[in-house]
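**Student:** sequence unavailable; structure follows:
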């Protein structure tokens, strides 16, 4: 088993309290369905971002900004990607990239 980071990009925030409650319930239900595969539920990211170049230059923009993350435990990258397919992030128009965490430290 290994850990995998799901990086979320894009998507929209719910506008009403009722819509926010519906979205939060969808996340709660998805995490319950995943069970012990959820190592860390994660959180959304703030709206501001800083990109730091290898020369130390700092800029206020990046390509496609990430909007949040979740960490799952799975048997393979393909299994983690399959688990990610039901994420509520898609309901708001977002997308997911899945990366394996390489345990070197």
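**Tutor:** Everything's here; your move. Please read these numbers as outputs of a predicted model, since none were measured by experiment.
**Student:** how about the helices in the protein?
**Tutor:** Ranges of helices in the chain, per DSSP state H, are 17-34, 77-84.
**Student:** worst average pLDDT in those helices?
**Tutor:** Out of those, helix 17-34 stands lowest, with a mean of 94 (criterion: mean pLDDT).
**Student:** that helix vs helix 77-84, what angle?
**Tutor:** 140 degrees (axes from the mean of the first three to the mean of the last three CA atoms, to 10 degrees).
**Student:** mind listing what's buried along helix 17-34?
**Tutor:** Neighbour-count burial for helix 17-34, counted by 16 or more other CB atoms under 10 Å, picks out 23, 26, 27, 30, 31, 34. Heads up, the C-betas are built off the backbone N, CA and C, glycines and all.
**Student:** the lowest-mean-pLDDT helix or strand in the chain pairs with which strands, parallel or anti?
**Tutor:** When the helices and strands of the chain are scored by mean pLDDT, DSSP states H and E, strand 51-52 comes last with a mean of 90. Here strand 51-52 has these sheet partners by DSSP bridges: strand 58-59 (antiparallel).
**Student:** quick one: residue 48 and residue 60 touch, right?
**Tutor:** Yes. Counting by CB atoms under 8 Å, residue 48 does reach residue 60; the two are 7.5 Å apart.
**Student:** got the buried residues of helix 17-34 as a markdown table, with distance to residue 16 columns?
**Tutor:** Output for the buried residues of helix 17-34, formatted as a markdown table (distance: CB to CB, whole Å):
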| residue | distance to residue 16 |
| --- | --- |
| 23 | 10 |
| 26 | 15 |
| 27 | 17 |
| 30 | 21 |
| 31 | 23 |
| 34 | 27 |
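**Student:** and for residue 55, the neighbour number?
**Tutor:** 5 (other CB atoms under 10 Å).
**Student:** what does residue 81 give?
**Tutor:** 16.
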